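[1] Quick one, fold the following:
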Amino acid sequence: MSNKNSLPQDTGFKKEIGVFGGISIIGGIMIGSGIFYLGSYVLERTHMSMGLALLCWIIGGLVSILGGLCFAELGACDPKSGGMVVYMNKAYHPSVGYSFGFTSWIISGSGSIAALAIALPTALANFFDLSEMGVKIVAIILIIALTAYNCFGIKLGSMLQNVSMVAKLIPIAIILFAGLFLGKQSPDLSLVPADGTEVSFGGMLGMIAFATVATLWAYEGWTNLNPVAEEMKNPGRDLPRALILGIGAITILYALFNFAIYRVLPAEQVSSLIGDGDLYLGTHVAKEIFGGAGGGLILATQLIAIFGSLNGMIIAFPRYYYEMAEDGHFFKNHGTLNKYGVPQVALISQAVISIILVLLRNLDELTSLVVFAGMVYNVLVILAVIIYRKKFPNMERPYKAWGYPVTVVIAVVLFAALMLNTLMEDPKTALIGLIVPIIGVGCWFFFDRKLQKEGK
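    Numbers count the residues shown, from 1 in each chain. A predicted model of the protein is given here:
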């Protein structure tokens, strides 16, 4: 059995990522296509109340920030490649962290990459008359190209992430400021359903929780900086700053972007568009302000946003598989680095699984199976902050979670409540989503028994 020291070691990773690079990685993953359509779902779930919808966007950001504070402490005191895998291994049992990495490898990580790779050409399908197979071919080319590119070092991958981050923020900022300052509407921000529905206090809390879950899809991705902590120049300082600044800035961005929509589009038009299934309200804002060119601006922004999110995921996820292999409980070749200091075999295997998932039907259903399991792992990692402090009291902590232990407990309660809400809304999918993690635990014991036989 391998016994790892908790102190960082020189494993061959290149320390190339600074604060802005860290912000670009999580921001690049978080700001995908969700900013353009999830606002409609939030409005639907709050009965078209713009005030409640904005409140839910802010709550979603605060929940993510509370979780980010916990991840920042763990990443700063234990800056190992693998992130969540490492923390759960040390806090609970090695099979727990392993099951998270295994789930990412089989479905959640590779499946998310596959979904984004499909989403990008799908946005172009109407312009270039792409067939379903044409979309999949483009998706496969994207996965292969970005995987190959990221095999040449984290510096190149981080540079591309920085460029795409800036490139997509510029048009988003243009639309945001144009809507705020040129919009002529005075939206009703009262915290009551706009359709006249009477809701009890308990019903109101449930409605807010249900709508907040929708916003968390847009915030998803902030957990993916920790896997590259070992490649940050000064993780004890830079990782907490990148997490807190990144999540905080994106919370403000999402709230202002949705408010800008309310400033331009009358409530009646918003309700009509959503009722007709037209969820991309930002497109109508851009057309309203900039005319025909506005549609092209939104399309370009969506493509850049999806591309940046795809690249960020391809960078982050293989670090989980590297850590699993380095611990001796995964395929050995996944625990090696190429001459550029990146886990090339892990990158390639991830690409292969992603391509297989691209070729499968009902991809959305496949990737949604792990949403509930993802929430379980978030709760386990947040609780790991308390366990780390008890198990490793002498570990150096360059950053400590603000407001500990109150903020940690609040974060756990909020995530657990949202998890319970998800279980109640879709119990079948939630329960099925736990099957792969259970298989992952079984695989850990298989590799562990093999190691024992080899006398390691």
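
[2] Keeping just the C-alphas, turn the helix or strand where residue 320 lies into PDB.
    Taking DSSP states H and E as the criterion, residue 320 maps to helix 318-326. Extracted C-alpha coordinates of helix 318-326, given in PDB (Å, rounded to 0.1, in the frame of the first residue of the first chain):
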ATOM      1  CA  PRO A 318      -7.300  14.300 -16.000                       C
ATOM      2  CA  ARG A 319      -5.600  15.500 -12.800                       C
ATOM      3  CA  TYR A 320      -8.200  13.400 -10.900                       C
ATOM      4  CA  TYR A 321      -7.200  10.200 -12.900                       C
ATOM      5  CA  TYR A 322      -3.500  11.000 -12.400                       C
ATOM      6  CA  GLU A 323      -3.900  11.100  -8.700                       C
ATOM      7  CA  MET A 324      -5.900   7.800  -8.600                       C
ATOM      8  CA  ALA A 325      -3.100   6.100 -10.600                       C
ATOM      9  CA  GLU A 326      -0.300   7.600  -8.500                       C
END
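
[3] Please compute how far that helix lies from its chain's middle.
    19 Å (CA atoms, centre = their mean, to the nearest Å).

[4] How about stretch 241-248?
    So, by CA atoms, centre = their mean, the centroid of stretch 241-248 is 14 Å from its chain's centroid.

[5] And stretch 52-64, by the same measure?
    16 Å.

[6] what does that stretch contact?
    Under the contact criterion CB atoms under 8 Å, 6 or more residues apart in numbering, stretch 52-64 has outside partners 39, 42-43, 45-46, 189, 191-193, 207-208, 211-212, 214-216, 218-219, 222, 247-248, 250-252, 254-255, 258-259, 411, 414-415, 418. Using the backbone N, CA and C atoms, a C-beta is placed for each residue, glycine as well.

[7] about what we covered before: for the helix holding residue 320, packing partners?
    Applying 3 or more CB pairs under 8 Å, 6 or more residues apart in numbering; DSSP states H and E, one finds that helix 318-326 contacts helix 84-91, helix 94-103, helix 344-359.

[8] angle of that helix against helix 84-91?
    Angle, helix 318-326 to helix 84-91, by axes from the mean of the first three to the mean of the last three CA atoms, to 10 degrees: 40 degrees.

[9] all helices for the stretch 51-200 of the chain, in order.
    84-91, 94-103, 109-128, 132-150, 154-182 (DSSP state H, counting those that start in this stretch).

[10] Check which helices and strands the first one is in contact with.
    Going back to what we said before, that points to helix 84-91. So helix 84-91, by 3+ CB pairs under 8 Å, 6+ apart, packs with helix 94-103, helix 318-326, helix 371-391.

[11] Keeping just the C-alphas, turn that helix into CSV.
    Extracted C-alpha coordinates of helix 84-91, given in CSV (Å, rounded to 0.1, in the frame of the first residue of the first chain):
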residue,chain,number,x,y,z
MET,A,84,-11.4,16.5,-4.3
VAL,A,85,-10.0,13.0,-4.8
VAL,A,86,-7.1,13.8,-2.4
TYR,A,87,-9.3,15.5,0.2
MET,A,88,-11.9,12.7,0.5
ASN,A,89,-9.1,10.1,0.5
LYS,A,90,-7.5,11.6,3.6
ALA,A,91,-10.7,12.7,5.4
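
[12] tell me the angle that helix makes with helix 371-391.
    Using the same axes, to 10 degrees: helix 84-91 against helix 371-391 is 50 degrees.

[13] when you give positions from now on, start the count at 10
    OK, 10 is where the count begins now, so the last one is helix 93-100.

[14] what bits of the stretch 110-259 of the chain have low per-residue confidence?
    For the stretch 110-259 of the chain, the stretches flagged by pLDDT under 70 are 134-136.

[15] Of all the helices of the stretch 60-209 of the chain, which one is nearest residue 452?
    Closest approach to residue 452 among these is made by helix 103-112 (6.0 Å; CB to CB).

[16] and the angle for the closest one with helix 327-335?
    Going by the same axes, to 10 degrees, helix 103-112 makes 140 degrees with helix 327-335.

[17] Packing partners of helix 103-112?
    Using 3+ CB pairs under 8 Å, 6+ apart: helix 103-112 touches helix 93-100, helix 327-335, helix 380-400, helix 444-462.

[18] cutoff 10 Å now
    helix 93-100, helix 118-137, helix 327-335, helix 380-400, helix 444-462 (3 or more CB pairs under 10 Å, 6 or more residues apart in numbering; DSSP states H and E).

[19] So which of the ones you listed is the most surrounded?
    helix 327-335 (a mean of 28; mean count of other CB atoms under 10 Å).

[20] Report the rounded mean pLDDT for it.
    Average pLDDT, helix 327-335: 85.

[21] Then stretch 45-57?
    Rounded to a whole number, the mean pLDDT of stretch 45-57 is 86.

[22] Centre of the chain to that stretch, how far?
    20 Å.

[23] Check stretch 456-465 too.
    Here stretch 456-465 is found 35 Å from its chain centre; the criterion is CA atoms, centre = their mean.

[24] Likewise for stretch 397-408?
    The answer for stretch 397-408 is 27 Å, by CA atoms, centre = their mean.

[25] Let me see the contact set for residue 85.
    The contact partners of residue 85, by CB atoms under 10 Å, 6 or more residues apart in numbering, come to 235, 238, 241, 243-250, 252, 405-410.

[26] Buried among these? Make that a PyMOL selection.
    If you want just the buried ones from those in PyMOL, going by 16 or more other CB atoms under 10 Å, the selection is:
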select buried, resi 235+238+241+244+245+247+248+249+250+252+406+407+408+410
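
[27] In helices only, show me the contacts of residue 85.
    Using DSSP state H, the members of the contacts of residue 85 that fall in helices are 244, 245, 246, 247, 248, 249, 250, 252.

[28] Distance check, the fifth one against residue 29.
    It refers to residue 248. Here residue 248 is placed at a distance of 13 Å from residue 29 (CB to CB, to the nearest Å).

[29] Also the last one?
    For residue 252, the distance to residue 29 equals 13 Å [CB to CB].

[30] Quick check: neighbours shared by those two?
    By CB under 10 Å, 6+ apart, no residue touches both residue 252 and residue 29.

[31] Quick one: residues contacting the residue lying closest to residue 235 once chain neighbours are set aside.
    Spatial nearest neighbour of residue 235, excluding adjacent residues (CB to CB, 6 or more residues apart in numbering): residue 92 at 3.3 Å. The contact partners of residue 92, by CB under 10 Å, 6+ apart, come to 80, 83-84, 106, 109-110, 232-239, 325, 328-329, 332, 390.

[32] Could you pick out the buried ones from the contacts of stretch 61-73?
    Buried subset of the contacts of stretch 61-73 (neighbour count, 16+ other CB under 10 Å): 48, 51-52, 54-55, 201-202, 216-217, 220-221, 223-225, 227-228, 231, 256, 259-260, 263-264, 267-268, 420, 423-424, 427.

[33] Which of the residues you listed fall within helices?
    Among the buried ones among the contacts of stretch 61-73, the members found in helices (DSSP H) are 48, 51-52, 54, 216-217, 220-221, 223-225, 227-228, 256, 259-260, 263-264, 267-268, 420, 423-424, 427.
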